[in-house]
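# Generate coordinates for the sequence data below:
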Amino acid sequence: VGGDPTEPLNYAEAFHLATMGGASVLGLDDKIGNFLPGKSLDALIIDPHADDSNFDLFGLETVDEIFEKFLFLGDDRNVCQVFVQGRNVYSQDTRSRSRSNSSASELEYAVPPKRSSSGALLKGTPVVGMDE
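Numbers count the residues shown, from 1 in each chain. I've put the predicted structure just below:
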């Protein structure tokens, strides 16, 4: 913000605009836009290691790099579950895992928790460092 207007957005900025930015413009940022408690949850649970995935992982990628690869190259082959307003509306068994009975309260694995420098768990941390 306030930088060169010709500078392209990076993936994190574009994702933020598509989630919290859109919610804010609509005046719904207190209800939607991120994974904070009390907000309506729409989410995809993905498997970046799907056998027929459109992108490769080499084992050294950070969570942010995997997320970026999914945003640019991922597709329905990576989608294991879809949640709309906290309800599981689609499930696909993947590598012998069945999550069809999952609920929104069981989604902690979907967004790896952020930790402080001492290793303490930081609760309520938005996905990919999108601080609000």
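
# And the longest helix belonging to the chain, what does it pack against?
Under DSSP state H, the helix in the chain containing the largest number of residues is helix 63-73. Judged by 3 or more Cβ pairs under 8 Å, 6 or more residues apart in numbering; DSSP states H and E, helix 63-73 is in contact with helix 11-16. C-beta: built from backbone N, CA, C; applies to glycine.

# Give the buried residues for the helix it packs on.
Using 16 or more other Cβ atoms under 10 Å as the test for burial, helix 11-16 gives Y11, A12, F15, H16.

# cool, stretch 32-50 as well?
32-35, 39, 41-43, 45-48, 50.

# V25: which of those residues is nearest?
Each of those was scored against V25 by Cβ to Cβ, and G33 proved nearest at 10.2 Å.

# Could you pull up the residues touching that closest one?
If you count contacts by Cβ atoms under 8 Å, 6 or more residues apart in numbering, G33 has them with T19, M20, G22, A23, S24, K39, E132.

# ok, and the most crowded of those residues?
T19 (21 neighbours; other Cβ atoms under 10 Å).

# That residue contacts L36, correct?
No. T19 is beyond contact range of L36, at 11.5 Å (criterion: Cβ atoms under 8 Å).

# which among the buried residues of helix 11-16 gets closest to F55?
Y11 (13.2 Å).
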